[in-house]
Every structure is written in C-alpha cells, then in structure tokens.
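[1] Have a look; sequence and predicted model below, questions after that.
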Amino acid sequence: MSGLPVPTPHNGAKQGEIAKTVLMPGDPLRAKYIADTYLEDVVCFNTVRNMFGYTGTYQGKQISVMGGGMGMPSIGIYSYELYHFYDVDNIIRIGSAGGYADDLQLMDIVIGMGACTNSNYAHQYQLPGTFAPIADYELMQKAIDAAKAQGKKVRVGNILSSDVFYSADPTEKDRWKQMGVLAVEMEAAALYMNAASAGKKALCILTISDHLYRSEELTAQQRQNGFGSMMEIALALVL
C-alpha cells in the first residue's frame, strides 16, 4: 500500500506498524487497557487526538487495538484509513450498547449480525436502494465458536446504530424493539459499510451497559475495565 498518505491527520502510524486485525473499542482508554492487560511486546503507534493505538502479540499472534471514538463519523474515519491506507483486513468493534430486548441483562454479550441505522451514512455510495449493513459471516461464526469454547453465552441478531444519543422522540425505541432489534449503539453500521465498500471484513461485539426499559446501567469505570468476556472472545479471532 505504498504511496498512500500515511501518517494521516488522524493516525500517526507508519506503514507496517499496524497488524492485519484491529480490535476497535470506542474509548481510547479501553484500547490502552486491552494492550496493558492482554498483549505482549506492545508498541504504541498512535497518540494523535489521544486516540491511542497499540500493536502487540496475543499468544504469539500479532494484533492491534485502537480507539474509534463515538459515532459513525468518528469510526468512519478511523476504519476507512485502516482499511485503505494501512492494509488492515479485519476490524472487530468491541463496544457497549443499550439493551432493548426484555431478556437482556447488564454484561450480556451481543453480536451484531446486522446493523439497522437512522444515519444517512450510506448516501455517499449513491445506491439505487437501501443497503443492509451486515457482519462478515466468517468472523461472526468464529466469534460464536470462540464464545462457546470459552463457556460464554452470546446473543446474535440485529442491532441499531443510531446517530442520536439523546433522542427528541421518546417512542422510537419501541418501534425498533417491535422489529426484534436487540440493542442500540452508535458505530457498527458505518464500520460494516466501510468494510463492504473496501472488500474487507468487520464484526461488532457488544456488552450491554444499560437497558432502555429498566433503570440499570454500568459506571464509566465498569465500561472501561469490565468487559473482559467480550475482549477475550474478540482476541480469540486472531488465533
């Protein structure tokens, strides 16, 4: 991929400093936690805008982890550059989500098979219809198998990637829930679209951090450091 503009305005890495597979939490401090906790021989490749990125090894396999920020414009930038400028093949988003489904509990793990969205992100492609953002099947199946091998229960299904966190319409969640959408987050649809456009692979694995129909939520510290089960499933995808 020589000749492409790296480092970029958003990523200080040079060619060869980022692995083929990147784990992408939204929170850059969660990226640092993963690198400190799970990886060996860690090198920091990015501190631009404090969006920390690290490359190391996990059980002998090279892997990178980098924050992606909040919302589709943010992950859209970082994932686009990773796919197109740094020759990354796989991006696994590991994030938090708000539960819709009645039987989801805090800390449950959801794999986004598809990502509904209220975003206009797909407009850029000028498609003659509605695009359905979906996960890469092989990554998804591998994650399901890894969870089973680790004795962890996961839910697989449709999620919502929303452009809005504080909605002016308090009833919209009811309509998504009625359509069987399991949970809401803010990034997966853009990641899935970028992967499809680039001919690369993407997957979104989520931990339920709050529930939209019950007064339950994790603290910020729990969100940053308490998602070990999800992280271990994602790390298994490089083995």
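    Perfect, thanks for sending it. From a predicted model like this one, the values you see are computed outputs, not experimental measurements.
[2] and residue 215, that one's in a strand?
    Yes. Applying DSSP: H, G, I helix; E, B strand; the rest coil, one finds residue 215 inside a strand.
[3] Report how many residues lie close to it.
    Neighbour count of residue 215, defined by other C-beta atoms under 10 Å: 6. Using the backbone N, CA and C atoms, a C-beta is placed for each residue, glycine as well.
[4] now do residue 134
    19.
[5] swap in the one 4 residues further on?
    Here the number of neighbours of residue 138 (other C-beta under 10 Å) works out to 12.
[6] likewise the one 4 residues further on?
    Neighbourhood size, residue 142 [other C-beta under 10 Å]: 17.
[7] what's it in contact with, if anything?
    When contacts are counted by C-beta atoms under 8 Å, 6 or more residues apart in numbering, residue 142 touches 236, 237.
[8] Which helix or which strand is home to it?
    helix 137-149 (DSSP states H and E).
[9] Export only the CA atoms of that helix, formatted as CSV.
    Taking Å, rounded to 0.1, in the frame of the first residue of the first chain, the C-alpha atoms of helix 137-149 are listed here in CSV:
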residue,chain,number,x,y,z
TYR,A,137,-20.0,-14.3,8.2
GLU,A,138,-16.7,-16.0,8.9
LEU,A,139,-15.7,-13.6,11.6
MET,A,140,-19.1,-13.9,13.2
GLN,A,141,-19.1,-17.7,13.1
LYS,A,142,-15.6,-17.7,14.6
ALA,A,143,-16.7,-15.4,17.4
ILE,A,144,-19.7,-17.6,18.1
ASP,A,145,-17.5,-20.7,18.2
ALA,A,146,-15.0,-18.9,20.5
ALA,A,147,-17.7,-17.9,22.9
LYS,A,148,-18.9,-21.5,23.1
ALA,A,149,-15.4,-22.8,23.7
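[10] Phi, psi for residue 190 please.
    The phi/psi pair for residue 190 (degrees, to the nearest 10) reads phi -70, psi -40.
[11] My guess is it contacts residue 75. True?
    Yes. Here residue 190 reaches residue 75: they are 5.5 Å apart, a contact under C-beta atoms under 8 Å.
[12] got the buried residues for the helix holding residue 142?
    In terms of neighbour count (16 or more other C-beta atoms under 10 Å), helix 137-149 has its buried residues at 139, 140, 142, 143, 146, 147.
[13] Name the next helix or strand downstream of that helix, please.
    As assigned by DSSP H and E, the chain's next helix or strand after helix 137-149 is strand 154-161.
[14] any idea of the mean pLDDT for that next one?
    For strand 154-161, mean pLDDT is 98.
[15] what ranges of this structure fall below the confidence cut-off?
    Low-confidence segments of the chain, defined by pLDDT under 70: 1-3, 224-225.
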